[in-house]
Each structure stands twice: as C-alpha cells, then as structure tokens.
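quick one, what's the 3D model for this:
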Amino acid sequence: MIRAIIIKSGFLKCVVVTLVSVTLRDAQHLCWKNFRKINDKLDPGRGNGWTPFVMTTDLLEEAGEVAAVIKGLEGFKPPEKPKTKEMLATELSDLLYIIFVLAEHYGIELEESFLQAVNDYVLRYIK
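Numbering: from 1, shown residues only. Got it, this is the predicted structure:
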C-alpha cells in the first residue's frame, strides 16, 4: 500500500489534508487524474500541453536529478548544497509520478507489470 495525500480547498480557501493508503493501481490513477487537471489548465492556444514526448523528457530530467542526488550522497560530486535522503525521496517520487502518468496515458496497468517483473527477477536470480 502507498500512502497518498489528498488536498482539498474549500470555500474559505481552507486546505484539508487527508492521508489515505492506496494500491499501486490507485496511485497510478490518482497521478493521472491530477496530471489531467494540471495539463488542462496549461495554455492550449500556445501548445503548452504535455505530450508523451514532453512527459518522456521530464522523466529523463527527473532521472538525472535522482542521479545527481545519489552522486552527492555517495561523495562522487562535491555538492554546492549537501544532498540528503529527503532530497532523494523527493526526486524518486517525482520520477515515480511521471512513470505513473506515462503508464496511464498508454493504458498500462503498472501493478500487474511490476508484480510480473518482480516474479521474473526472483525466478532468474534466486534459485
């Protein structure tokens, strides 16, 4: 189970935060729903909506940010700002978010694929 944060804004601009546990499938759908809300607000007249190509470039950018934090944590890159595990958690979460969005865009249920991949690794490497 994944714990998700649901933020709601009411009439008086009060923010309500609720923590819920969700499955991988639910997390994927939640990310897609939020992505669609954000993407729909972008200026479509200027073509600023995120296409699969833009989503993929964002995925690569996020992967680079994960790599930069790990290099800093492992001491291979002297950081201008010390890297922390919290920074790594944020970058990994950003990466996971865009993976969920891409999977949903293409109609892929990652929960099933992920469980199959884990099973394949176990069968391949643990005998």
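
check contacts around the spatially most central residue of the chain.
For the chain, the residue nearest the mean C-alpha position is residue 97 (1.5 Å; Cα atoms, centre = their mean). Taking Cβ atoms under 8 Å, 6 or more residues apart in numbering as the criterion, residue 97 is in contact with residue 31. All C-beta spots, glycine's among them, are computed from the backbone N, C-alpha and C.

now swap in residue 68 and tell me
Residue 68 touches 77, 83, counting by Cβ under 8 Å, 6+ apart.

let me know the pLDDT of it.
Listed pLDDT for residue 68 reads 93.

residue 84 now?
92.

near it, how many other residues are there?
For residue 84, the neighbour count with other Cβ atoms under 10 Å is 12.

which phi and psi does it have?
phi -130, psi 160 (degrees, to the nearest 10).

tell me the spacing between it and residue 98.
Between residue 84 and residue 98 the distance is 22 Å, computed by Cβ to Cβ, to the nearest Å.

again, but for residue 75
To residue 98, residue 75 is 28 Å away according to Cβ to Cβ.

the more surrounded of those two?
Shown here are residue 75 and residue 98; by other Cβ under 10 Å, residue 98 has more neighbours (21 against 9).

the more buried one - nearest residue in space that isn't next to it in sequence?
Leaving aside its chain neighbours, residue 98 sits nearest to residue 59 (4.7 Å; criterion: Cβ to Cβ, 6 or more residues apart in numbering).

would you map the strands across this protein?
Secondary structure of the chain, counting by DSSP state E: strands at 2-9, 15-22.

compare the ones you listed and say which comes out lowest on pLDDT.
strand 2-9 (a mean of 52).

how many residues are close by residue 39?
16.

check contacts around it.
Per Cβ under 8 Å, 6+ apart, neighbours of residue 39: 49, 50.
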